[in-house]
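K.L.:
sequence? don't have it. structure:
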């Protein structure tokens, strides 16, 4: 369909290095952003081999025909101070999103709408309507935008179960790379349980992220990553690249995280996350506590730097990322038992998880 051309906005660099990365590979948001924030991706070993799914997959064409009416393009206008131009200057960038329900709620990435002064949402038929942020969660890089459009345009996509995804499963991404609306790419799930850090100065771990080789470029951010049943299993968020373009390593926020966070955003405009209050030594092979923040549940329970957490809430902990996942699986206010090793001895303590600070 004819579309007014726009100048693509090149994504701002989000990270300077990845653990174990060679050749100077960098991590980019798949969106034109001026945030300048840093993000780090850590490799997480999958301990148990997981076979690929084999349940009657749909073709890429069938997946597209089922999903394309539920995918949208977002054009976000923001205003930034630019002393070199004598004051505030508007800037415009593009991202993607998808219809979550029949009430007009659209899901996208938080970094897509950050700082927005206006949001325009374009549907599959080329019609454009205004959007308004319902709520956003910087710690998981998710946001909900309410669109003022006819109900006939709302074609919600089904949300799948990301815990059932297996390495080697086929996936399809739909979005608007470089403003090219309704672009479809396909590939496989390259890896699971990747941990990436959310954009922003106070970054937190987004655990269980999905790695894919489906082509993702600037403008894809916020679009759906679909399984071969046509269900959303993730929201495309970041790419790792030497050039800033697609090199076959992209990351999506898992659908189970989406369900938990979006439900809260639609209900209250905010999302709350459980908080333990420790920093973990990322270079250690286990969940070695590097520091404990004062006044936090961990501090009140007597945890100290040098302790190694081995279990939380009945979940066995072997790595820093498993500890992050275990905490994220709980809600603020829940009481859990934490088992840790200190001086060669195992100890257990009960504590009540707090709400993660912004």
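P.N.:
Structure's in. What do you need? Computed from a predicted structure; not experimentally measured. Numbers count the residues shown, from 1 in each chain.
K.L.:
how many neighbouring residues does residue 60 have?
P.N.:
Residue 60: 16 surrounding residues under other CB atoms under 10 Å. Glycine gets a C-beta too; all of them are placed from N, C-alpha and C.
K.L.:
er, residue 222 actually
P.N.:
A count of neighbours around residue 222, defined by other CB under 10 Å, yields 34.
K.L.:
quick check, residue 297 in contact with residue 354.
P.N.:
Yes: Residue 297 lies in contact with residue 354 (CB atoms under 8 Å); the separation is 5.3 Å.
K.L.:
in the stretch 151-300 of the chain, which spans are helices?
P.N.:
255-268, 297-300 (DSSP state H, counting those that start in this stretch).
K.L.:
tell me who's in contact with the residue nearest the centre of the chain.
P.N.:
Nearest to the mean C-alpha position of the chain, counting by CA atoms, centre = their mean, stands residue 253 at 3.4 Å. With contact taken as CB atoms under 8 Å, 6 or more residues apart in numbering, residue 253 is in contact with 109, 140-142, 206, 209, 234-235, 237.
K.L.:
can you put these in a markdown table and add distance to residue 69?
P.N.:
Converted to a markdown table, the contacts of residue 253 look like this (distance: CB to CB, whole Å):
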| residue | distance to residue 69 |
| --- | --- |
| 109 | 21 |
| 140 | 26 |
| 141 | 25 |
| 142 | 22 |
| 206 | 28 |
| 209 | 27 |
| 234 | 20 |
| 235 | 18 |
| 237 | 23 |
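K.L.:
which of these fall in strands?
P.N.:
142, 206, 209, 234-235, 237 (DSSP state E).
K.L.:
of these, closest to residue 188?
P.N.:
residue 234 (13.1 Å; CB to CB).
K.L.:
so in terms of bridging, what pairs with that closest one?
P.N.:
In this entry, residue 234 is beta-bridged to residue 254, by DSSP bridges.
K.L.:
that one: neighbour count?
P.N.:
Residue 234 - counted by other CB under 10 Å - has 30 other residues nearby.
K.L.:
that one and residue 206 touch, don't they?
P.N.:
No: with contacts counted by CB under 8 Å, residue 234 stays clear of residue 206, the gap being 10.8 Å.
K.L.:
if we can go back for a sec, pick the most buried one from the helices of the stretch 151-300 of the chain.
P.N.:
When these are scored by mean count of other CB atoms under 10 Å, the highest mean neighbour count falls to helix 297-300 (a mean of 20).
K.L.:
quick one: list the elements packing against that one.
P.N.:
strand 287-292, strand 345-352 (3 or more CB pairs under 8 Å, 6 or more residues apart in numbering; DSSP states H and E).
K.L.:
one more time with 10 Å
P.N.:
strand 274-275, strand 278-280, strand 287-292, strand 335-342, strand 345-352, strand 354-355 (3 or more CB pairs under 10 Å, 6 or more residues apart in numbering; DSSP states H and E).
K.L.:
pLDDT on that helix, on average?
P.N.:
Average pLDDT, helix 297-300: 98.
K.L.:
ok, and what's touching that helix?
P.N.:
274-279, 289, 291-294, 303-304, 307, 309, 327, 332, 335-336, 338, 340, 349, 351-354 (CB atoms under 10 Å, 6 or more residues apart in numbering).
K.L.:
how distant is that helix from the center of its chain?
P.N.:
Here the centre of helix 297-300 is set off from its chain's centre by 28 Å, with CA atoms, centre = their mean, to the nearest Å.
K.L.:
adding distance to residue 92, write the helices and strands packed on helix 297-300 out as a markdown table.
P.N.:
Output for those, formatted as a markdown table (distance: least, CB to CB, whole Å):
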| stretch | distance to residue 92 |
| --- | --- |
| strand 274-275 | 36 |
| strand 278-280 | 38 |
| strand 287-292 | 41 |
| strand 335-342 | 46 |
| strand 345-352 | 46 |
| strand 354-355 | 35 |
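K.L.:
returning to what we had before: hmm, which two among the ones in strands among the contacts of residue 253 are most spread apart?
P.N.:
Using CB to CB, the two most remote members of the ones in strands among the contacts of residue 253 are 142 and 209, lying 12.2 Å apart.
K.L.:
which residues are in contact with both of those two?
P.N.:
With CB under 10 Å, 6+ apart, residue 142 and residue 209 have common neighbours 237, 253, 257.
K.L.:
please produce TSV containing the helices of the stretch 151-300 of the chain, extended by distance to residue 56.
P.N.:
Converted to TSV, the helices of the stretch 151-300 of the chain look like this (distance: least, CB to CB, whole Å):
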stretch	distance to residue 56
helix 255-268	20
helix 297-300	46
